[in-house]
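[1] my questions are about this predicted structure, shown below with the sequence.
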Amino acid sequence: MESFSSLTVTQRDQILVEQQVFNIYETFYDMPPRSKSLKLELQRENHLGYLTEGLKQLGPAFCVLDANRPWICYWILHSIALMDEFIDPELEDNTIDFLSRCQDPNGGYGGGPGQMPHLATTYAAVNSLVTLGGDKALSSINREKLYTFLWQMKDPSGGFRMHDGGEIDVRACYTAISVASLLNILDDDLVQNVGNYILSCQTYEGGIAGEPGSEAHGGYTFCGLATMILINEVDRLDLSSLIDWVVFRQGVEGGFQGRTNKLVDGCYSFWQGGVLALLKRLHSTKGEKSIPLDDGEDSGAESPQSTASSDATGEEGLNEDLSQGGSHSEHGDQHDASCRVNVDNIDHNSSKMHAKVEPPFNSLALQQYILLCSQEPNGGLRDKPGKSRDHYHTCYCLSGLSVCQHSWSEDEDSPPSPSAVLGPYSNLLEPIHPLYNVVLDRYHEAHEFFTRS
Ligand SMILES: CC(C)=CCC/C(C)=C/CC/C(C)=C/COP(=O)(O)OP(=O)(O)O
Ligand SMILES: [Zn+2]
């Protein structure tokens with residue numbers, strides 16, 4: 001990690017970088033000989049073409065039985081939004097109508113029209129509509145019925161089921177809490193005991209598993225950490241071992257693996273990179289509020305819990321407390337409200353607002369993996385060379401790229417410095433809200449809409 005951290009990638013170094021990555025692939029994965037036409041440039045036009053074609057296929061002519069169509073909408077729409085592009089108004093209207101037909105009359109969204117509502121497709125549909133933005137999309141969500149659906153999915157143990165009679169896991173907790181937070185319908189009843197469930201899934205390795213007793217995995221670690229932040233109970237996790245676990249998931253190729261001893265994969269650029277972005281924001285927020293980090297001295301600062309409760313509705317953007325999501329006061333007694341977060345592994349020097357924070361992983365090496373190994377020059381992104389592109393990997397590779405570019409700026413209100421962006425500066429994507437993975441300005445619009453309506 002040390003020698004990777006000291007790498008600087010300039011135009012002059014580009015050929016060396018390509019050689020390095022492809023030597024690794026030839027050696028370890030027996031990939032085809034290195035291509036001469038590799039570029040560190042994001043192939044925006046080609047990605048846009050691939051994504052727009054995919055969205056058109058969801059229209060009335062779509063006849064394949066598929067239980068994932070709101071996901072396909074989200075992966076495509078979010079990827080397009082990350083590139084600061086828009087779809088044409090007719091396609092937008094068709095997409096809103098299509099998602100409305102996936103909405104169950106009793107609340108929540110199914111995988112297609114007439115299918116039973118499911119938490120994962122509900123999350124995907126809501127994020128899609130937030131990404132489209134505008135009154136028609138946002139007001140198409142029946143929030144009252146959606147709340148009823150979320151409540152029906154709540155298990156007496158505290159966790160959530162993915163669907164009626166379905167499995168209880170960390171994904172279900174995240175999708176339920178994320179949707180409720182984004183739509184401003186999160187309350188103490190939904191939050192009750194979720195924290196205990198997530199806590200029971202943190203493993204001896206430090207990452208979070210899908211269910212108690214399973215193996216820590218990047219996807220679930222993102223879901224678990226984001227949920228704990230949204231319900232304002234993040235201090236209950238062992239954040240020190242969590243960050244250790246996630247930074248050691250970056251491989252020599254620059255990409256992240258999802259779990260110990262598995263291959264790197266482009267989609268973990270977001271699941272693992274997003275965890276690091278959340279921890280960074282959490283740390284900055286705590287720094288801004290002078291919460292003691294590691295010295296054991298009482299600064300007289302408010303506890304994270306009391307701070308978040310008082311801020312619950314009035315905050316804005318990434319400078320807001322990441323735990324703005326809901327009402328938490330009744331459950332504050334479930335854990336020690338004065339407990340201190342041991343986040344000293346994140347950055348020893350950043351108790352000051354806007355202190356420069358170096359990423360605790362090699363951000364340029366990850367961008368290099370995304371651009372050189374995951375990017376298909378003809379459009380779309382993939383797990384790794386030798387695999388085919390798909391909309392899921394396109395979405396999460398681009399989300400991970402955005403997180404790399406934006407999350408470690410000195411001043412979060414200004415664009416990142418060119419040194420944070422690998423390749424031409426035109427590679428810069430839109431910033432996201434890391435708790436929901438929607439583009440930040442779309443989040444702001446939705447936040448404003450659901451606060452007033
Ligand atoms: C919001 C939401 C629904 C999030 C889902 C999070 C997510 C990606 C969970 C991971 C699921 C999982 C165990 C994959 C392992 O697949 P694998 O064995 O094929 O891959 P691996 O070898 O990389 O572990
Ligand atoms: Zn993947």
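    Right, received. Where do you want to start? Residues are numbered from 1 along each chain as shown. Ligands and ions are numbered 1, 2, ... in the order given.

[2] which ones are touching the residue of the stretch 151-300 of the chain found nearest ligand 1?
    Closest contact between the stretch 151-300 of the chain and ligand 1, by C-beta to the nearest ligand atom, is at Gly219 (2.1 Å). For the C-beta atoms, the positions are set from N, CA and C on the backbone; glycine is no exception. Counting by C-beta atoms under 8 Å, 6 or more residues apart in numbering, Gly219 touches Arg171, Gly210, Gly258, Tyr268, Trp271.

[3] same list (these) but as CSV, adding secondary structure and distance to ligand 2.
    Shown next, in CSV, are the contacts of Gly219 (DSSP: H, G, I helix; E, B strand; the rest coil; distance: C-beta to the ion, whole Å):
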residue, secondary structure, distance to ligand 2
Arg171, helix, 15
Gly210, coil, 15
Gly258, coil, 7
Tyr268, helix, 7
Trp271, helix, 9
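
[4] out of those, who's near ligand 1?
    Filtering those for neighbours of ligand 1 using C-beta under 6 Å from any ligand atom leaves Arg171, Gly258, Trp271.

[5] could you list the low-pLDDT ranges of the protein?
    Applying pLDDT under 70 to the chain picks out residues 1-38, 59-65, 286-356.

[6] how about the closest residue to ligand 2 within the stretch 201-350 of the chain, what does it touch?
    Residue nearest to ligand 2 within the stretch 201-350 of the chain (C-beta to the ion): Cys267, separated by 3.3 Å. Residues near Cys267 by C-beta under 8 Å, 6+ apart: Gly258, Asp383, Tyr392, His393, Tyr396, Cys397, Gly400.

[7] out of those, who's nearest ligand 2?
    Asp383 (4.5 Å).

[8] the contacts of Cys267 into JSON lines, with extra columns for neighbour count?
    Formatted as JSON lines, the contacts of Cys267 follow (neighbours: other C-beta atoms under 10 Å):
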{"residue": "Gly258", "neighbour count": "21"}
{"residue": "Asp383", "neighbour count": "22"}
{"residue": "Tyr392", "neighbour count": "18"}
{"residue": "His393", "neighbour count": "25"}
{"residue": "Tyr396", "neighbour count": "28"}
{"residue": "Cys397", "neighbour count": "30"}
{"residue": "Gly400", "neighbour count": "29"}
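
[9] okay, and which of the residues you listed map to helices?
    Among the contacts of Cys267, the ones falling in helices (DSSP state H) are Tyr392, His393, Tyr396, Cys397, Gly400.

[10] what count of nearby residues applies to the residue lying closest to the last one once chain neighbours are set aside?
    The shortest distance from Gly400 to any residue that is not its chain neighbour, by C-beta to C-beta, 6 or more residues apart in numbering, is 2.5 Å, and that residue is Ser269. By other C-beta atoms under 10 Å, the residues close to Ser269 number 31.

[11] checking Ser269 next. Helix, strand or coil?
    For Ser269, the secondary-structure state derived from DSSP: H, G, I helix; E, B strand; the rest coil is helix.

[12] correct me, but it touches Ser402?
    No: using C-beta atoms under 8 Å, Ser269 is not in contact with Ser402, being 9.7 Å away.

[13] what's the burial count for the closest residue to ligand 2 within the stretch 1-150 of the chain?
    Here the stretch 1-150 of the chain gets closest to ligand 2 at one residue, Trp75, 12.0 Å apart by C-beta to the ion. Using other C-beta under 10 Å, Trp75 has 26 neighbouring residues.

[14] one step back: for the residue nearest to Gly400, give its distance to His406.
    With the distance defined as C-beta to C-beta, to the nearest Å, Ser269 ends up 13 Å from His406.

[15] report the contact partners of the residue lying closest to Ser417 once chain neighbours are set aside.
    Nearest non-adjacent residue to Ser417, counting by C-beta to C-beta, 6+ apart: Ser409, 7.0 Å away. Ser409 makes contact with Pro415, Pro416, Ser417, Ala420, according to C-beta under 8 Å, 6+ apart.

[16] so Leu129 makes contact with Ser140?
    Yes: Leu129 lies in contact with Ser140 (C-beta under 8 Å); the separation is 6.4 Å.

[17] between those two, which contacts overlap?
    Ile96, Leu99.

[18] those two: which has the busier surroundings?
    Applying other C-beta under 10 Å to Leu129 and Ser140 shows that Leu129 carries more neighbours, namely 31 against 15.

[19] point out the residues in the stretch 51-200 of the chain that sit beside ligand 1.
    Ala120, Tyr123, Arg171, Tyr174, Thr175.

[20] ok, the fourth one - contacts?
    When you say that, I think you mean Tyr174. By C-beta under 8 Å, 6+ apart, the contact set of Tyr174 is Tyr123, Phe222, Cys223, Gly224, Ala226, Thr227.

[21] how about it: what's its closest non-neighbour residue?
    Residue nearest to Tyr174 in three dimensions, not counting chain neighbours: Cys223, with 3.5 Å by C-beta to C-beta, 6+ apart.

[22] near that neighbour, how many other residues are there?
    Look at Cys223: counted by other C-beta under 10 Å, it has 27 neighbours.

[23] gap between it and Arg69?
    Distance, Cys223 to Arg69, by C-beta to C-beta: 21 Å.

[24] Thr394 too?
    With the distance defined as C-beta to C-beta, Thr394 ends up 16 Å from Arg69.
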